[in-house]
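Undergrad: Just a sequence and a predicted model for now, questions to come.
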Amino acid sequence: CGMIGKGERSQAVKDAVVRNGGIYLCAIGGAGALASKAIIKSEVIAYDDLGCESVKRFTIEKFPLFVAIDTNGGSIFKK
């Protein structure tokens, strides 16, 4: 389980990432057009009625992201 964003997350979100064995991936702001080229397939898996806010499964290749919060709570945002 993972999520993609562009900035730091609250402590509650960090705790949820660790508790659920997930990761938080960061994208470079303003690079959406570049990132979209890495999506090979997109499939709506839930909440189709929400349009662009639906839950999707992507098949990606060479997606320009980096791990910001890992499954152990390690974070690039720690000072």
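TA: Good, I have the coordinates. Numbers count the residues shown, from 1 in each chain.

Undergrad: And the host helix or strand of residue 4, what's buried?
TA: Using DSSP states H and E, the element containing residue 4 is strand 2-5. Buried residues in strand 2-5, counted by 16 or more other CB atoms under 10 Å: none are found. The way it works is simple: take the backbone N, C-alpha and C, and place the C-beta from them, glycine included.

Undergrad: Which is the succeeding secondary structure element to that strand?
TA: Note on strand 2-5: by DSSP H and E, the next helix or strand toward the C-terminus is helix 11-19.

Undergrad: now what about that following helix, what contacts it?
TA: 3, 9, 22, 23, 24, 69, 71, 72, 73, 75 (CB atoms under 8 Å, 6 or more residues apart in numbering).

Undergrad: so what secondary structure elements neighbour the strand holding residue 4?
TA: Contacts defined by 3 or more CB pairs under 8 Å, 6 or more residues apart in numbering; DSSP states H and E place strand 2-5 against strand 23-27.

Undergrad: Average pLDDT for the helix or strand that the strand it packs on is followed by, rounded please.
TA: Using DSSP H and E, the helix or strand that directly follows strand 23-27 along the chain is helix 32-36. The pLDDT scores in helix 32-36 average 82.

Undergrad: Who are the packing partners of helix 32-36?
TA: Helices and strands touching helix 32-36, by 3+ CB pairs under 8 Å, 6+ apart: there are none.
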